[in-house]
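Novice: Okay, predicted coordinates and the sequence, questions at the end:
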Amino acid sequence: MTVVSRNYLFALVDGGGTVPPELGTVRRLVARGHRVTVLADDSMADEVTAAGATHRPWTEAPNRPSRRPEHDPYRDWECKTPFQLFDLVLDKQFVGPAPAYAADLLAAVAADRPDLVVSSFFAVGAMVGAEAAGLPYDVLFPNPYMLPAPGMPPFGLGLQPAKGAVGRLRDRAVTRLTGRLWAKGLPRLNELRVAHGLAPLDSFFDQILGARRVLVLTSADFDFPAELPANVRYVGPVLDDPAWAVAPWSAPPGDDPLVLVAMSSTFQDHAGCLQRIVDALGTLPARGLITTGPAVDPSDVVAPANVTVVQAAPHSEVLRSAAAVVTHGGHGTVIRSLAADVPLVVLHHGRDHADNAARVTARGAGLAVKKSASPAAIATAVRRVLDDPSFRSGASRLGRSVRRDAASGALTAELEDLPEAVGQPTLISPSSDQSS
């Protein structure tokens, strides 16, 4: 069977853990013979090139040169309350720079008109630009489904699904509150839309849900069940390691269980938490492998003899030998751990972390611990996960679904499901790699 070669334009924002699945999506399209250009931060340039795509930097929109904390446009770790964090992200990411994202998107379209725009959830302005150009656009969710939906607990608080009348009342109240918060960005979004000849919207989320497809890059069995819009598709997770993590590694010496510690690839003021985890592992009959990522210098971590600290290692390889994972709760680390049948201890920090932790604990695949937990409390949680086989069983149940959905090919199938292109299409033979 042959497929038509297409021209794709991705509009991506460096969200740290969102980058590997988004660029994994790019790599799959390139492998199947498509042409892909990626509008992205300079901090992602090498990874875009490694995926086989053309990097086009943001010029009007915010552009991070690196993932170092001094280049973080949000500094969300400084927020004291969820409301302060919400206002920050709404202003600094969603609506503040939206006109600039739209301008960069339209310039990229003029340079090389694509068949489809594929946008990060954060780049709302790029969606406006695509719509103004008369192009279809898809939106990527490299995490559980985040928008309000009947049956889905409100996102961002780590809530379990509602039980009974009280739970449903909770969901309605929180959804109304968060809806009012999002509505603060609607006037500026509509101002941008009108400036580009588009009709105003009734809801902020209508811009996202106006996509041709909303592609949720996880397993439906990992997420909580809900009534979702017709254009939402669960297409399975992308399990690729980040390009920067492909490095030689060796397991710490000994026969004790191996515990992988994988925290955020972007700075979240988590060095103190990382040190408490290391101190906890020092009290256990276990071997620890700590990967600090680009945001923390390994030399800043003081490690006991049974713990090895490195900046990077390919988690997909390490997980084959791991008995447990300790993490901040980013979706990428969580889903790759489950794919390897490895249970977790989650010290959630923010963003989608508490929601991922809620899904892990609901399925008996691990434990959640406060990020401020003491070394003793962390050690107790790690010991429980290592000693109780039910946690590995819970991880294995989810792992079967994760592996199946990751290999389904649904992601590329959805992205390739486009009307015949104008002009003379090129037929290509699909790559033998059908996984998504």
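Specialist: Nice, I can see it. Numbers count the residues shown, from 1 in each chain.
Novice: How many residues are close by the closest residue to residue 17 other than its chain neighbours?
Specialist: Excluding the flanking residues, the one nearest residue 17 by CB to CB, 6 or more residues apart in numbering is residue 330, at 4.0 Å. Any C-beta I mention is one placed from the backbone N, CA and C, and that applies to glycine too. Number of residues near residue 330 (other CB atoms under 10 Å) recorded here: 28.
Novice: Repeat that for residue 344.
Specialist: Residue 344: 28 surrounding residues under other CB under 10 Å.
Novice: so it sits right up against residue 364, yeah?
Specialist: No: counting by CB atoms under 8 Å, residue 344 stays clear of residue 364, with 11.2 Å between them.
Novice: that older thread, backbone dihedrals for the residue nearest to residue 17, both of them.
Specialist: The phi/psi pair for residue 330 (degrees, to the nearest 10) reads phi -60, psi 140.
Novice: Report the separation between it and residue 18.
Specialist: Separation of residue 330 from residue 18 (CB to CB, to the nearest Å) stands at 9 Å.
Novice: Could you do residue 111 as well?
Specialist: 25 Å.
Novice: With neighbour numbers in mind, choose between these two.
Specialist: With neighbours defined as other CB under 10 Å, residue 111 and residue 18 compare such that residue 18 has more, 26 against 11.
Novice: could you list every residue that touches the closest residue in space to that one that isn't next to it in sequence?
Specialist: Closest residue in space to residue 18, ignoring its immediate chain neighbours: residue 142 at 4.7 Å, by CB to CB, 6+ apart. Neighbour list for residue 142: 17-18, 21-22, 217-218, 238, 331-332 [criterion: CB atoms under 8 Å, 6 or more residues apart in numbering].
Novice: Same question for residue 217.
Specialist: 21, 25, 140-143, 235-238, 411.
Novice: By residue count, what's the longest helix in the protein?
Specialist: In the chain, taking DSSP state H as the definition, the longest helix is helix 164-183.
Novice: Which secondary structure elements does that helix sit against?
Specialist: Under the contact criterion of 3 or more CB pairs under 8 Å, 6 or more residues apart in numbering; DSSP states H and E, helix 164-183 touches helix 82-89.
Novice: pLDDT (mean, whole number) over the helix it packs on?
Specialist: Helix 82-89 shows a mean pLDDT of 70.
Novice: Kindly report the same for stretch 192-211.
Specialist: 97.
Novice: Return the member of the contacts of residue 142 nearest to residue 204.
Specialist: residue 18 (19.8 Å; CB to CB).
Novice: so that closest one touches residue 120, yeah?
Specialist: Yes: between residue 18 and residue 120 there is a contact under CB under 8 Å: 6.9 Å.
Novice: Correct me if wrong: residue 62 contacts residue 97.
Specialist: Yes: counting by CB under 8 Å, residue 62 touches residue 97, with 5.3 Å between them.
Novice: Looking at the two now, which is surrounded by more residues?
Specialist: Per other CB under 10 Å, whichever of residue 62 and residue 97 has more neighbours is residue 97, with 23 against 17.
Novice: got the contact list for that one?
Specialist: 61-62, 125.
Novice: could the residues you listed go into CSV alongside distance to residue 184?
Specialist: Below are those laid out as CSV (distance: CB to CB, whole Å):
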residue, distance to residue 184
61, 21
62, 20
125, 17
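Novice: State the distance from the nearest residue to residue 178 once chain neighbours are set aside to residue 87.
Specialist: Nearest residue to residue 178 in three dimensions, chain neighbours excluded: residue 154, at 6.1 Å (CB to CB, 6+ apart). According to CB to CB, residue 154 and residue 87 sit 18 Å apart.
Novice: Between those two, which has more neighbouring residues?
Specialist: residue 154 (21 against 15).
Novice: Please report how far the more buried one lies from residue 189.
Specialist: Distance from residue 154 to residue 189, by CB to CB: 21 Å.
Novice: Kindly report the same for residue 66.
Specialist: Distance, residue 66 to residue 189, using CB to CB: 29 Å.
Novice: Please parse the protein into its domains.
Specialist: Following automatic domain parsing, the chain resolves into domains at 3-236+408-422, 244-400.
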